[in-house]
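Student: Generate coordinates for the sequence data below:
(chains A and B, ligands or ions: 6)
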Protein chains: 2
Amino acid sequence: MKLKVLAAALVAVAPSTAVFASEPIQPIRPAQEINLAQAELGKKLYFDPRLSKSGFISCNSCHNLSMGGSDNLRTSIGHNWQEGPINSPTVLNSSLSVAQFWDGRAADLKEQAGGPIANPGEMAFTHTLATSVLESIPGYVNEFKLVYGEDGIDIDKVTEAIAEFEKTLVTPNSRFDKWLLGDQNALSADEVAGYELFKNSGCVACHNGAAAGGTTFQKMGLVEPYQTDNPAEGRYAVTGKDADRFSFKVPTLRNVELTYPYFHDGAAWSLEEAVNTMGRIQLGKNFTPEENAQIVAFLKSMTGDQPSFAMPILPPSAANTPQPQPFD
Amino acid sequence: MKLKVLAAALVAVAPSTAVFASEPIQPIRPAQEINLAQAELGKKLYFDPRLSKSGFISCNSCHNLSMGGSDNLRTSIGHNWQEGPINSPTVLNSSLSVAQFWDGRAADLKEQAGGPIANPGEMAFTHTLATSVLESIPGYVNEFKLVYGEDGIDIDKVTEAIAEFEKTLVTPNSRFDKWLLGDQNALSADEVAGYELFKNSGCVACHNGAAAGGTTFQKMGLVEPYQTDNPAEGRYAVTGKDADRFSFKVPTLRNVELTYPYFHDGAAWSLEEAVNTMGRIQLGKNFTPEENAQIVAFLKSMTGDQPSFAMPILPPSAANTPQPQPFD
Ligand code: HEC
Ligand code: HEC
Ligand code: HEC
Ligand code: HEC
Ligand SMILES: [Ca+2]
Ligand SMILES: [Ca+2]
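Tutor: Numbering: from 1, shown residues only, chains lettered A, B, ... in the order given. Ligands and ions are numbered 1, 2, ... in the order given. The predicted model follows:
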């Protein structure tokens, strides 16, 4: 069932001497080795609000693929309009991360996907109820059988399919990537200057790799404490180590133009503000307005091709499908 | 800017003597004379939660095009998780209706589209705030200018574009339509029998025209009163005439397989139940289980081609875009 998806022409023809070989940020590669049947099933599940207790909230509610894979809210709205604890990170390129969630408490996308379904503040369902809903829907029963070659639906298959779909959500082909691959005209002089500042100031110490982030956990407020009302303690919640207090997974800066508001508390609504804050509290640097504008221009050049696919059509429920319970 | 979209081959080649000429239900024709640029803009607006106060609810939240154009809830969930007053009707084929809403209080789709944005129980915004959000988004400013040939965004243009998009949401090519157009093999014997029952029992007195509904307002409970806790009074709310009390727009039965639960109060979760109720309270008829099954089979043959398009990518907000207010 595994299918080799050919790397896009651009990547394929890049000579081994391409600019990026020596750069701290690498071009994003198109999705590779996708199990297409699994991913198609996962796409349906990703958009299906019947995985939630209310029948109203799907993965796409909080990671809206029309809006850069997040919800553009300070913190999310969950079941019963509960105010979420933390900013919703983008699912775009999240397959490139070393771990999932701000504190890295899930090792990979498959492990992650089980979380929100059963989280009382998000989809407020249980794995058992979610799978029994799916098992009552003839269209899903057939599709799971086709994809997995056997009868039966369980949370393991559900999260595996969703994760496979999420692996397709990479965003290659940004102007910055074209530049990395050798197209000198892909960036303006200001954007190149911004990238130089980004490297020389030390941003790349944390924001590196293909996703320009997602490779390590780092203290938020290395040089100067970060002021926030948000009680999240970051990586400490996972390791229990004092040194990890207020350490968060470095977010990807791919498509960062689309993933406002910024930081785990969603406090910064503009890139200008986020860049200034980073300079100050992570590096002890105060950028001039011109420098700030150049870095912002560079960051915006990392907006890549957004996922483009036909909206999935979901198989209808049957008479015996458990009814959604939005109001109790 | 108007563009003639050619009728699909099937319709084009149908001889004037096609079966349907004498039938009470006509085949659905593909969308005609669509202003494509307007419809593309309207599609974005339809999917854009920034038309709501919370930044979380879009038209597609309650008229989900992955799920037959409704939300499959008894009554809708609106701003702040408010419980809606009435079942959300499908937007599929709604352009074919004589008027919009269960009580017909909006004359057409354009008039209708202004309603939910400013409805405190739905999107809870105002037209002024919604347009000021759009005016702050460079991508929209450009696209409105392109589409309308002039600067400026107002609610008139917003609702016109949404309505133009909704005109594309027709669902031709159901098996029943193929049968109407002369393909004898498109329906099973049971489905044809169901259609005969549907005609001979009198269902077509109300459910007729291309949408198999949407042509008139009719009393709910003509022969026997309909029992419900839902306080909606139907057409009476518009005309003030006693005779219109509990009269509702006859819903389309196109794609009715997908638009559960049924009736204005969303009380019936299965087509079996809805058909039995209709027979009893509208016609004084008790169908045998076999008859019921045949009518249901016929109704399911009216599921047409669902809208198929690439999920729109929305233009990002700018630093001066008013922030969503989900929690106050
Ligand atoms: C109610 C809002 C909400 C829903 C629904 C939701 N998420 Fe999330 N998601 C979040 C928030 C908030 C976080 C961050 C939580 C944290 O880090 O503690 C998150 C984190 C993630 C991450 C980790 C990304 C990263 O970079 O660390 C992934 C992947 C993800 N969600 C995918 C999904 C999938 C798949 C579903 C559906 C099965 C889903 N989400 C449903 C709000 C939501
Ligand atoms: C010492 C590590 C480190 C350095 C150096 C660093 N960052 Fe960050 N960056 C982080 C972490 C960790 C976060 C997430 C913090 C949080 O939300 O609590 C972050 C968040 C961001 C964000 C917000 C992303 C989002 O989606 O919320 C931007 C933008 C950003 N950094 C840009 C920069 C720039 C520009 C520089 C250089 C001036 C820089 N960073 C330097 C670790 C670092
Ligand atoms: C919170 C849920 C919700 C939202 C958001 C919502 N609707 Fe509706 N919609 C409904 C309900 C409920 C009705 C029926 C109301 C009535 O008839 O009194 C309805 C009725 C309609 C109808 C009439 C269909 C018919 O057959 O009569 C159309 C068309 C429609 N909505 C389109 C839209 C558009 C366009 C938007 C966004 C601008 C939108 N809706 C937003 C719930 C919603
Ligand atoms: C006298 C008019 C009339 C007749 C006759 C009639 N209907 Fe209806 N039908 C309506 C009205 C009005 C509604 C919506 C009532 C409501 O929701 O309050 C409706 C609703 C329905 C629904 C639910 C649709 C939805 O989306 O909620 C179905 C299914 C249905 N009718 C099928 C039938 C069948 C089958 C027959 C024949 C046995 C029939 N109807 C006869 C007027 C009629
Ligand atoms: Ca964010
Ligand atoms: Ca319904």
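
Student: Would you mind measuring from the closest residue to A:Pro324 other than its chain neighbours to B:Ser52?
Tutor: Leaving aside its chain neighbours, A:Pro324 sits nearest to A:Gly55 (2.6 Å; criterion: C-beta to C-beta, 6 or more residues apart in numbering or on different chains). Every C-beta, even on glycine, is put in place using the N, C-alpha and C of the backbone. The gap separating A:Gly55 from B:Ser52 is 19 Å, by C-beta to C-beta, to the nearest Å.

Student: cool, and A:Ser201?
Tutor: A:Ser201 is 39 Å from B:Ser52, by C-beta to C-beta.

Student: quick one, which of those two is more surrounded?
Tutor: Just comparing A:Ser201 and B:Ser52: by other C-beta atoms under 10 Å in any protein chain shown the higher neighbour count belongs to B:Ser52, 26 against 18.

Student: contacting residues for the more buried one?
Tutor: B:Ser58, B:His79, B:Ile117, B:Glu122, B:Met123, B:Ala124, B:Phe125, B:Pro324 (C-beta atoms under 8 Å, 6 or more residues apart in numbering or on different chains).

Student: mind running it again at 10 Å?
Tutor: When contacts are counted by C-beta atoms under 10 Å, 6 or more residues apart in numbering or on different chains, B:Ser52 touches B:58-59, B:61, B:78-79, B:116-117, B:122-125, B:129-130, B:133, B:324-326.

Student: ok, now A:Phe176?
Tutor: A:25, A:27-28, A:186-187, A:191-192, A:194-195, A:212, A:253-254, A:298-304.

Student: The nearest residue in space to A:Phe20 that is not next to it in sequence and A:Thr215, how far apart?
Tutor: In space, A:Phe20 comes closest to A:Leu180 once its chain neighbours are excluded; the distance is 4.1 Å by C-beta to C-beta, 6+ apart. According to C-beta to C-beta, A:Leu180 and A:Thr215 sit 17 Å apart.

Student: These two: which is more packed in?
Tutor: More crowded of A:Leu180 and A:Thr215, by other C-beta under 10 Å: A:Leu180, with 22 against 18.

Student: in terms of contact, does that one touch A:Asn173 like I think?
Tutor: No - contact status for A:Leu180 versus A:Asn173: not in contact, 11.1 Å apart, counting by C-beta atoms under 10 Å.

Student: Name the residues contacting each of these two.
Tutor: With contacts defined as C-beta under 10 Å, 6+ apart, the residues shared by A:Leu180 and A:Asn173 are A:Pro27, A:Ile28.

Student: so is the residue nearest the centre of chain A in a helix, a strand, or just coil?
Tutor: Centre of chain A computed as the mean C-alpha position; nearest residue by C-alpha atoms, centre = their mean is A:Val91, 2.3 Å away. Using DSSP: H, G, I helix; E, B strand; the rest coil, the structure places A:Val91 in coil.

Student: Quick one: residues contacting it.
Tutor: A:46, A:59-60, A:62-65, A:68-70, A:100, A:109, A:112, A:162, A:165-166, A:169, A:307.

Student: For ChimeraX, write the select line for the buried members of the contacts of B:Ser52.
Tutor: Filtering the contacts of B:Ser52 down to the buried ones (16 or more other C-beta atoms under 10 Å in any protein chain shown) takes a single ChimeraX command:
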select /B:58,59,61,78,79,116,117,122,123,124,125,129,130,133,324,326
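
Student: Which of the contacts of B:Ser52 fall within strands?
Tutor: Members of those lying in strands (criterion: DSSP state E): B:Gly78.

Student: Using CSV, write down the CA coordinates of stretch A:191-204.
Tutor: Extracted C-alpha coordinates of stretch A:191-204, given in CSV (Å, rounded to 0.1, in the frame of the first residue of the first chain):
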residue,chain,number,x,y,z
GLU,A,191,14.1,39.7,2.9
VAL,A,192,17.7,38.6,2.4
ALA,A,193,18.9,41.2,4.9
GLY,A,194,16.3,39.9,7.3
TYR,A,195,17.5,36.4,6.9
GLU,A,196,21.1,37.5,7.6
LEU,A,197,19.9,39.3,10.7
PHE,A,198,18.0,36.2,11.7
LYS,A,199,21.2,34.2,11.4
ASN,A,200,23.7,36.7,12.9
SER,A,201,21.5,37.7,15.8
GLY,A,202,21.3,34.1,17.0
CYS,A,203,17.6,33.2,16.2
VAL,A,204,18.8,30.2,14.3
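
Student: hmm, that stretch in reach of chain B?
Tutor: No - judged by C-beta under 10 Å from any C-beta of the partner chain, stretch A:191-204 makes no contact with chain B; its nearest approach is 17.0 Å.
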